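Undergrad: here's my sequence, what's the structure:
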Amino acid sequence: KVGSAFVKQLQDEKQRLIDDLGFDMRVSLAACSTKLVAGDAINEVDLPTLREKLGCDGAEDFDLDAITQVLEADVNPHRVVIDCTNSEEVSKYYEKWIQNGVNIISPNRKVNAGPFERYQRVRKAESQLPVRWQFESSVGGALPILTTLRDLQDTGDQVRHIRGCVSGTMAHVLNTFCEDVSFTEAVRQAVGLSFGESDIREDLSGLDSARKVVILARQLGLAVNVEDVEIESLVPEEIMNKDYDCDIADLNEAILEDLKSMDDSMLAKLTAAQEMGNRLRYRFDIDAVSGKCSCRLTEADKSDTLYRLRSNENLVSFRTDRYTESPLIVKGAAAGPELAAAGVFADLLRLSRAFSTEQI
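TA: Got it, this is the predicted structure:
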């Protein structure tokens, strides 16, 4: 869904990019989870017909080695792979692509929140060549969260603590469910809005939030893995560990049926919070000094910046040596494929500006 949204945005803005920014691009290869088209076949197709081209008889079977061969044969010095998948198999090729001088843009969190050793290898490969691995949209969609953190560090500020909420699913659910709207129904709405992962348990267990916490923590220089994050799951173990015998398209519907058993207990937690004048929020914390990272359900009172978090928003608060009394806050809409695609688009434009600078 992110890939489709990105292609549409790029097509809508293509002429403006040429006219206003002098920026044009050539799609030399396109792939989905099962098919790919490359070379002359794709050169005859504009962006609106990519989906149709991938579904035609001339499309080849998806093959990462074939994609790599196309990249290696391309003499363009400004090659870019835009990975909008959530694929572990694709992630295994990042190091090789970077070593071949290919830039990568991705909201995919498999590498930057995956095993620390692999993350280090990819980072090392990036540092040894004039290439860039951009992943702004992996945390907060189009919000400039990682860019803000990088700017703080590059200007010599010392980040001490980061907290907030980076789950659009959790924000929607905890803002929506009430006596009249069950917890399960609020989750169903989030699924319908494409806020969650293909397996909604990843969101409700805190795993998706923990991956984003790992990405932020690693930018601080912390050598952490997801297993190092203290995670409070909203999902009972019996549901979390259940093996659902259904297609991926029907998975969330099966999970939603089981989540109904949580409705009463979640409503009790909500009622208790409201009686104290508080709101339920799913908060993460990163203590840069101790290295401790956590994700948990909490009650936010009116003095908490998370109290006014809306149902489609993320919020990240930076407390630093400079921002002591009042933290620096990045807050805004961040849920859904369109905003994630906008983050990918912004990364592509950052790369284009970097390419222009290299030519000067």
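Undergrad: and residue 72, that one's in a helix?
TA: Yes - the assignment for residue 72, made by DSSP: H, G, I helix; E, B strand; the rest coil, places it in a helix.
Undergrad: could I get the full set of strands for the stretch 101-250 of the chain?
TA: For the stretch 101-250 of the chain, applying DSSP state E, counting those that start in this stretch gives strands covering 103-105, 133-134, 159-165, 230-231.
Undergrad: quick one, what contacts residue 114?
TA: Residue 114 makes contact with 88, 91 under the criterion Cβ atoms under 8 Å, 6 or more residues apart in numbering. Quick note: C-beta positions are derived from backbone N, CA and C, even for glycine.
Undergrad: and residue 319, helix, strand or coil?
TA: At residue 319 the chain is in strand, as set by three-state DSSP.
Undergrad: wait, is residue 280 part of a strand?
TA: Yes - Residue 280: assigned to a strand according to three-state DSSP.
Undergrad: how many neighbouring residues does the residue nearest to residue 333 when sequence neighbours are not counted have?
TA: Closest residue to residue 333 apart from its sequence neighbours, by Cβ to Cβ, 6 or more residues apart in numbering: residue 312 at 4.8 Å. Look at residue 312: counted by other Cβ atoms under 10 Å, it has 19 neighbours.
Undergrad: surely residue 312 touches residue 172?
TA: Yes - assessed by Cβ atoms under 8 Å, residue 312 is found in contact with residue 172 at 6.6 Å.
Undergrad: anything in contact with each of the two?
TA: The contact sets of residue 312 and residue 172 overlap at 195, 335 (Cβ under 8 Å, 6+ apart).
Undergrad: residue contacts, residue 263?
TA: Residue 263 is in contact with 182, 183, 184, counting by Cβ under 8 Å, 6+ apart.
Undergrad: secondary structure element for it?
TA: Following DSSP states H and E, one finds residue 263 within helix 263-275.
Undergrad: would you mark the buried spots in that helix?
TA: Residues 266, 270, 273 are the ones in helix 263-275 that count as buried (16 or more other Cβ atoms under 10 Å).
Undergrad: rewinding a little: got the contact list for the residue nearest to residue 333?
TA: When contacts are counted by Cβ under 8 Å, 6+ apart, residue 312 touches 168, 171, 172, 195, 333, 334, 335, 336.
Undergrad: burial count for the second one?
TA: For residue 171, the neighbour count with other Cβ under 10 Å is 26.
Undergrad: repeat that for the last one.
TA: Counted with other Cβ under 10 Å, residues neighbouring residue 336 total 20.
Undergrad: isn't residue 82 up against residue 106?
TA: Yes - assessed by Cβ under 8 Å, residue 82 is found in contact with residue 106 at 7.1 Å.
Undergrad: looking at those two, which is more packed in?
TA: Neighbour comparison, residue 82 and residue 106: the larger count goes to residue 106, with 26 against 23 (by other Cβ under 10 Å).
Undergrad: can you check the pLDDT for the more buried one?
TA: Confidence at residue 106, expressed as pLDDT, is 92.
Undergrad: who's in contact with the nearest residue to it once chain neighbours are set aside?
TA: Residue nearest to residue 106 in three dimensions, not counting chain neighbours: residue 83, with 4.0 Å by Cβ to Cβ, 6+ apart. Neighbour list for residue 83: 90, 91, 104, 105, 106, 108 [criterion: Cβ under 8 Å, 6+ apart].
Undergrad: who's in contact with the last one?
TA: Spelled out, that is residue 108. By Cβ under 8 Å, 6+ apart, the residues touching residue 108 are 83, 84, 85, 86, 87, 90, 91, 135, 138.
Undergrad: from residue 196, how far off is the fourth one?
TA: To tie it back to what came earlier, the one meant is residue 86. Counting by Cβ to Cβ, to the nearest Å, the gap from residue 86 to residue 196 is 12 Å.
Undergrad: quick one: which of the two has more around it?
TA: A direct count of neighbours by other Cβ under 10 Å for residue 86 and residue 196 places residue 196 higher, at 24 against 16.
Undergrad: next one, pLDDT for the more buried one please.
TA: 85.
Undergrad: same deal with the one 5 residues further on?
TA: In this model, residue 201 is scored at 96, pLDDT.
Undergrad: isn't it right next to residue 235, touching?
TA: Yes - using Cβ under 8 Å, residue 201 is in contact with residue 235, at 5.5 Å.
Undergrad: specify the beta-bridge partners of residue 163.
TA: residue 285, residue 317 (DSSP bridges).
Undergrad: does it touch residue 285 like I think?
TA: Yes - using Cβ under 8 Å, residue 163 is in contact with residue 285, at 4.7 Å.
Undergrad: thinking again about what came up before, let me have the buried residues of helix 263-275 in a markdown table, extended by distance to residue 247 and pLDDT.
TA: A markdown table is the format used below for the buried residues of helix 263-275 (distance: Cβ to Cβ, whole Å; pLDDT from 0 to 100):
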| residue | distance to residue 247 | pLDDT |
| --- | --- | --- |
| 266 | 28 | 98 |
| 270 | 33 | 98 |
| 273 | 37 | 98 |
